[in-house]
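Trainee: Predicted model, plus sequence, below.
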Amino acid sequence: MSRYLILVLLNLPLIITAIVGAFVSYKLNNTSKRRLIIKTIFWVVILLCLVFAQNIYTYLYNEGLTQTEPLSLFDVLQITGIIYIFYVVNRLFVKVDVLEKRVQDLHQELSIILSEKDKS
Amino acid sequence: MKKKNVAFIIPAYNEESSISKVIVDINRHAKGKYSYEVVVVDDGSKDNTAVVASKAGVKVIKHILNSGSGSATATGLSYAEQQNFDIAVTMDADGQHHAHDAIRGINLIQKNQADLLIGSRLIDSQGMSRVKILGNKGLSYITYILFGINVTDSQSGLRIFSKNALDNLKWKTSGYEFCSEMLWRAKQQHLDIQEYPIKAIYTEYSISKGQNNWNAYNILKLLLKQRVVEFFSE
C-alpha cells in the first residue's frame, strides 16, 4: 500500500471527527455559522494537503524548493502524530477555558451571595 | 420623571488609603441627582479596604480569592444586573477619576442613547506622562488590530453601561486585558460604543498603583490566547 495512502487513511478519521464535531456544535447552537465555516475550511485544507501530498512534494522538488527524501513510513507516523496532538491540545485548551470561566462565574456568584448574607 | 437607578461599581485591591475619598467624592456629586448605590468589590485585598468601605456606608462585595480587575468588575456589574439598575458606572479605586466626570457620563449616555460610554483620558491627555500616553495608545492600537474597534482609550476604567449593556455584556478574561475584551464583546453584541473626554487625576499614589507599560505584553499575550481559544471553541 502506498505510504501516501496510509497517511490519508490514518488522518481521515481525525479530520472527519473534527468536521462532524464542528457541525454538531453548530446544529446545537453552540457555535456560529461563521465559525463553522472557518473550522471546516481549516480541516479541509489539511485534508487536501494530505491527499495531494505527493503532488505537492513533486512540485516542490522539481522547482528546487525542497531537497528532502520522499515520504517514509516514519514521516507518515510523525505527521499523523502532529495532527493528532494539534487536535487534542486544542480540545484541552478549549475545555480548560470553559472550566476557568465556570469557576470565575461561581466565584462571582458566591461573593455576591455571601455579601448579602453578611448584610442580613 | 422617575430618577434613574445608578450603580457606582468600584473594583478595589489594597486601596484602603484612597477608597474613602472616592466614595465621598461620589456621594458629594450624586446625592439628589439619582437614586444610587455605591458598590465596592474588594478583590481579596490584604489590607483593610473592605472595612474602610463598609465604614463609609457602602455595599461591599468581598472576593474570596484575588482574581483580577476584570473579574472584580464583572462581579460588580453582575450585582447591578441582578438588582435591576438602569445604569452602572465603573470607576478606579485609586482616585484617578473625578466623580463629576462620571455624572457627566451618566447624563451623556442617556442623551446619546449609547450602550457603552468610555471616559477617554487621551482625547485631551494634558497632565498625563508621555510614557503613560505611549502605553495607552499602544494598547488602543492593539485593540484596533485584534478586534477592529477604534477607540482612543481602550484601557480606561471609567465606563458607563446602559441597561442593555448590563444585561448582555459578558467577558471571559479576568485581568487588565478585560478592558479590550469588553469592547470586543460589545462589538459582537452590536452595542453602541461611544467615548467622551475626561480628566484623570495623577497623584503619586495613583501613578504607583497604575498599570506598568510592560504589562502591555501580558495583555497582548492573553488577548491573542483568547482569540485562538475562541477560534477553536465550540
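Mentor: Now that the structure is in, tell me what you want to look at. Computed from a predicted structure; not experimentally measured.
Trainee: For stretch B:42-61, which outside residues touch it?
Mentor: Stretch B:42-61 has contacts (C-beta atoms under 8 Å, 6 or more residues apart in numbering or on different chains) with A:111-112, A:115, A:119, B:10-16, B:19-20, B:23-24, B:37-41, B:62-69, B:71-72, B:75-76, B:79, B:93. No exception for glycine: its C-beta is placed from N, CA and C like everyone else's.
Trainee: These in strands, which ones?
Mentor: Taking DSSP state E as the definition of strands, the contacts of stretch B:42-61 contribute B:Ile10, B:Pro11, B:Ala12, B:Glu37, B:Val38, B:Val39, B:Val40, B:Val41, B:Lys62.
Trainee: By mean pLDDT, flag the weakest helix or strand of chain B.
Mentor: Ranking every helix and strand in chain B by mean pLDDT, DSSP states H and E puts helix B:204-209 at the bottom, with a mean of 70.
Trainee: Of all the residues in the very next helix or strand once past that helix, which ones are buried?
Mentor: Using DSSP states H and E, the helix or strand that follows helix B:204-209 in sequence is helix B:215-232. Within helix B:215-232, the residues that count as buried by 16 or more other C-beta atoms under 10 Å in any protein chain shown are B:Asn215, B:Ala216, B:Ile219, B:Leu220, B:Leu222, B:Leu223, B:Gln226, B:Val229, B:Phe232.
Trainee: Give the buried residues for stretch B:95-112.
Mentor: For stretch B:95-112, burial by neighbour count (16+ other C-beta under 10 Å) applies to B:95-99, B:101-106, B:108-109.
Trainee: no wait, stretch A:27-40
Mentor: A:Thr31, A:Arg35, A:Leu36, A:Lys39.
Trainee: Rebuild those residues as a markdown table, extending it with distance to chain B, pLDDT and secondary structure.
Mentor: A markdown table is the format used below for those (distance: C-beta to the nearest C-beta, whole Å; pLDDT from 0 to 100; DSSP: H, G, I helix; E, B strand; the rest coil):
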| residue | distance to chain B | pLDDT | secondary structure |
| --- | --- | --- | --- |
| A:Thr31 | 5 | 75 | coil |
| A:Arg35 | 8 | 81 | helix |
| A:Leu36 | 10 | 88 | helix |
| A:Lys39 | 8 | 85 | helix |
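Trainee: Tell me what angle the longest helix along chain A forms with helix B:215-232.
Mentor: Longest helix of chain A, by residue count under DSSP state H: helix A:73-119. Calculated by axes from the mean of the first three to the mean of the last three C-alpha atoms, to 10 degrees, helix A:73-119 forms an angle of 110 degrees with helix B:215-232.
Trainee: what's near enough to touch the spatially most central residue of chain A?
Mentor: By C-alpha atoms, centre = their mean, chain A has its centre lying nearest to A:Tyr87, at 3.7 Å. A:Tyr87 makes contact with A:Leu14, A:Thr17, A:Ala18, according to C-beta under 8 Å, 6+ apart.
Trainee: can I assume the first one is in contact with A:Tyr84?
Mentor: Looking back up the chat, that one is A:Leu14. Yes. Using C-beta atoms under 8 Å, A:Leu14 makes contact with A:Tyr84 at a distance of 6.2 Å.
Trainee: Looking at these two, which is more packed in?
Mentor: Ranked by neighbour count (other C-beta atoms under 10 Å in any protein chain shown), A:Leu14 and A:Tyr84 place A:Leu14 first, with 18 against 13.
Trainee: Which element, helix or strand, includes that one?
Mentor: According to DSSP H and E, A:Leu14 maps onto helix A:3-27.
Trainee: on that earlier part again, got the angle between the longest helix of chain A and helix A:3-27?
Mentor: 20 degrees.
Trainee: Average pLDDT for helix A:73-119, rounded please.
Mentor: In this model, helix A:73-119 has a mean pLDDT of 86.
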